[in-house]
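J.: generate a structure from the sequence data that follows.
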Amino acid sequence: MGRWFFAALLIGLALATAAKAACPDDTAIARFAGHILQRQSPTPFATLSPADGRCVQEKLVAIFAQPFGDIVGFKLGLTNPAIQQRFGIDHPIRGTIFHATLRATSGAEIEARFAAVPVLEADMLVRIGMGGVETALNHHAALIRHIDQVIPFIELPDLVYAPDYRPSLGDLLAVNVGARLGVVGKPIAVTPGADFIAALGRMSISLHQDGREVSRAPGAAILGHPLNALAWIARDLARDGRPLRAGDVVSLGSFSPPQPVVAGQAWAARYEGLGEAQEVLVRFR
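T.: Next up, the predicted model:
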């Protein structure tokens, strides 16, 4: 790693707000981030508590904002019971997404080796149209008024750690819940009423590799309803003094198991049940 690159990482850490948790030292975090940015699996930090993991994430986000651009919103991880079971964690977690996460549009061709451990998931975005989401609690009729778009989305996260390592909650938080890239489809305008709310829960999201369906899930696969995921992240952010604002984009979580990425593959996520069916497509080189 060049001296300039390592120095840039340290500058990013210096810009991050100091956290209360007992973080690993800044040099260790800069080295950790450097491995991730060079698409290498880093050595995990030893016995990283959730508080320490959040502290590492805060500093990592400051570093990642240099190559990946401005913060544009947030993502939920572990919203699907099957994925929670895989990691042995029974609640969602939060990460930050960047301009680069939403830069590619449907039909894009992406380098297969875009991350240390690149995978693909069928996801869904919502765009915040009006602040105050945290006051809506779990009342769907109130929550729906705070979003103006539902956006088909193939997330391209980075699992980061070596395949034989089972990450803890602190480990997952430390790597910003794997946020990396993604491919965005055509936005669907939100109609703030009971019919649209019901359709969000019933809708079907399917994932296809080279024309072959590999998974299918209803909207209700995400915490019982996509709006429940929105409520969870709004409250989680508000506790940290950062309420959702108009224009923020939220990645609600995976509707499919993480899929390995291989050069030459073509993938499609299909969204049915919110008016005309929509697809988002990506090909890997």
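J.: center of this protein, which residue is that?
T.: In the chain, the centroid-proximal residue (CA atoms, centre = their mean) is residue 75; its distance is 3.7 Å.
J.: using PDB, write out every CA atom in the strand or helix carrying that one.
T.: Using DSSP states H and E, residue 75 sits within strand 71-77. Extracted C-alpha coordinates of strand 71-77, given in PDB (Å, rounded to 0.1, in the frame of the first residue of the first chain):
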ATOM      1  CA  ILE A  71     -23.500   9.600   2.000                       C
ATOM      2  CA  VAL A  72     -26.900   9.300   0.300                       C
ATOM      3  CA  GLY A  73     -28.700   7.100   2.900                       C
ATOM      4  CA  PHE A  74     -28.700   3.900   4.900                       C
ATOM      5  CA  LYS A  75     -29.100   0.200   4.700                       C
ATOM      6  CA  LEU A  76     -30.600  -2.500   6.800                       C
ATOM      7  CA  GLY A  77     -29.000  -5.900   7.200                       C
END
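J.: tell me the buried residues in the longest helix belonging to the chain?
T.: Looking across the chain with DSSP state H, the single longest helix is helix 50-68. Residues of helix 50-68 classed as buried: 50, 52-65, 68 (neighbour count, 16 or more other CB atoms under 10 Å). All C-beta spots, glycine's among them, are computed from the backbone N, C-alpha and C.
J.: same deal with stretch 216-231?
T.: For stretch 216-231, a neighbour-count test (16+ other CB under 10 Å) marks 216-217, 219, 221-223, 225-231 as buried.
J.: related to what we said a few turns ago, need the contact list for the residue nearest to the centre of the chain.
T.: 94-97, 155, 177, 179, 250-251, 253 (CB atoms under 8 Å, 6 or more residues apart in numbering).
J.: now with 10 Å, please.
T.: 92-97, 101, 123, 125, 153, 155, 157, 176-179, 182, 233, 249-254 (CB atoms under 10 Å, 6 or more residues apart in numbering).
J.: the closest residue to it other than its chain neighbours: what's it in contact with?
T.: Leaving aside its sequence neighbours, residue 75 sits nearest to residue 251 (CB to CB, 6 or more residues apart in numbering; 3.7 Å). The contact partners of residue 251, by CB under 10 Å, 6+ apart, come to 73-77, 79, 95, 97, 101-102, 121, 123-126, 151, 153, 155, 157, 177, 179, 182, 229, 233.
J.: just checking, which of these belong to strands?
T.: Of the contacts of residue 251, the ones assigned to strands by DSSP state E are 73-77, 95, 97, 121, 123-126, 151, 153, 155, 182.
J.: which among these end up buried?
T.: By 16+ other CB under 10 Å, the ones in strands among the contacts of residue 251 give 73-77, 95, 97, 121, 123-126, 151, 153, 155, 182 as buried.
J.: now do the residue nearest to residue 61 when sequence neighbours are not counted against residue 178, distance only.
T.: Leaving out its chain neighbours, the residue that sits closest to residue 61 by CB to CB, 6+ apart is residue 96, at 4.9 Å. Distance of residue 96 to residue 178, given as CB to CB, to the nearest Å: 11 Å.
J.: neighbour count: the two, which is higher?
T.: residue 178 (24 against 20; other CB atoms under 10 Å).
J.: what about the nearest residue to that one once chain neighbours are set aside, how many neighbours?
T.: Closest residue to residue 178 apart from its sequence neighbours, by CB to CB, 6+ apart: residue 157 at 3.8 Å. Residues near residue 157, counting by other CB under 10 Å, number 28.
J.: what do you get for residue 257?
T.: Residue 257: 16 surrounding residues under other CB under 10 Å.
J.: in this structure it contacts residue 215, no?
T.: Yes - between residue 257 and residue 215 a contact is recorded at 6.5 Å, counting by CB atoms under 10 Å.
J.: low-confidence ranges, the chain, go.
T.: 1-21, 82-84, 87 (pLDDT under 70).
J.: and with 90 instead?
T.: 1-23, 46-47, 78-91, 137-138 (pLDDT under 90).
J.: the buried residues of stretch 216-231 in helices, which ones?
T.: Going by DSSP H, the helices hold 226-231 from the buried residues of stretch 216-231.
J.: ok, of those, which one's closest to residue 199?
T.: residue 226 (10.5 Å; CB to CB).
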